[in-house]
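Colleague: Need coordinates for the below:
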Amino acid sequence: MELEEALQLLRAQYHDFLNCLQVVSGMAELGRVEQIKDYVRRAADEFEARGRLAKVGLPAVAWALLLLRMEAVPAGLKVSCALERPDRGIEVEASAVFRALHAALIAAVSGTGRDSALNITGKNVSGGYALTYAGIFDWEMLKQAVAATAEASALNIEFTGENGITLLLPAAEA
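Modeller: Numbers count the residues shown, from 1 in each chain. Presented below is the predicted three-dimensional model:
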């Protein structure tokens, strides 16, 4: 983790929180109580989702995904994550792969003028932990963008057809 990245992520969190307060303040001045309740619920859900991600038990993965979520917003990419807690130690030596994949995903949607959605799920599988990225993207192009980095890391990557990609993070040796 780079300190500059950590500060950038903290600044984004502070900005989001202050923005929420300003929106609530504006709605309060207009007397829109029901809209305030709805907005606060949605904001709380978003902050809770970030917290769940940070507590999943995979610090390197959580860090990479929190950075992705922050960097995806200006590109118009909505990232949702649902990761189960690993039931054993997981080796994560894939920061370069995450960076390459995430940069390619953001590049794929940047400048298109349309919003895109990316769903990331994580689950325990035989031999480790499967992190699956799914959405409507040109996965063949993304495969090419990360192939060399993935090969250098010896990370098992499976492309699941037109729908996504799965990274298999191996279980730590006991």
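Colleague: I'd like to know how far the closest residue to Leu168 other than its chain neighbours sits from Val92.
Modeller: Among residues not flanking Leu168 along the chain, Asn156 sits closest, at 4.1 Å (Cβ to Cβ, 6 or more residues apart in numbering). For glycine as for every other residue, the C-beta is placed from the backbone atoms N, C-alpha and C. Summarising the geometry, the distance separating Asn156 from Val92, computed by Cβ to Cβ, to the nearest Å, is 13 Å.
Colleague: Tell me which of these two has more neighbours.
Modeller: With other Cβ atoms under 10 Å as the criterion, Asn156 and Val92 differ in neighbour count, and Val92 comes out ahead with 22 against 14.
Colleague: Just the pLDDT for Gln22.
Modeller: For Gln22, the pLDDT comes out at 92.
Colleague: quick one: it is in a helix?
Modeller: Yes. Following the definition DSSP: H, G, I helix; E, B strand; the rest coil, Gln22 is counted among the residues of a helix.
Colleague: ok, now how distant is it from Thr121?
Modeller: From Gln22 over to Thr121 the distance is 33 Å, taken as Cβ to Cβ.
Colleague: When those two are compared, which one has more neighbours?
Modeller: Thr121 (16 against 10).
Colleague: Looks like the more buried one contacts Ser80 (just checking).
Modeller: No. Taking Cβ atoms under 8 Å as the contact criterion, Thr121 and Ser80 are not neighbours in contact, 9.2 Å apart.
Colleague: Understood, closing this out.
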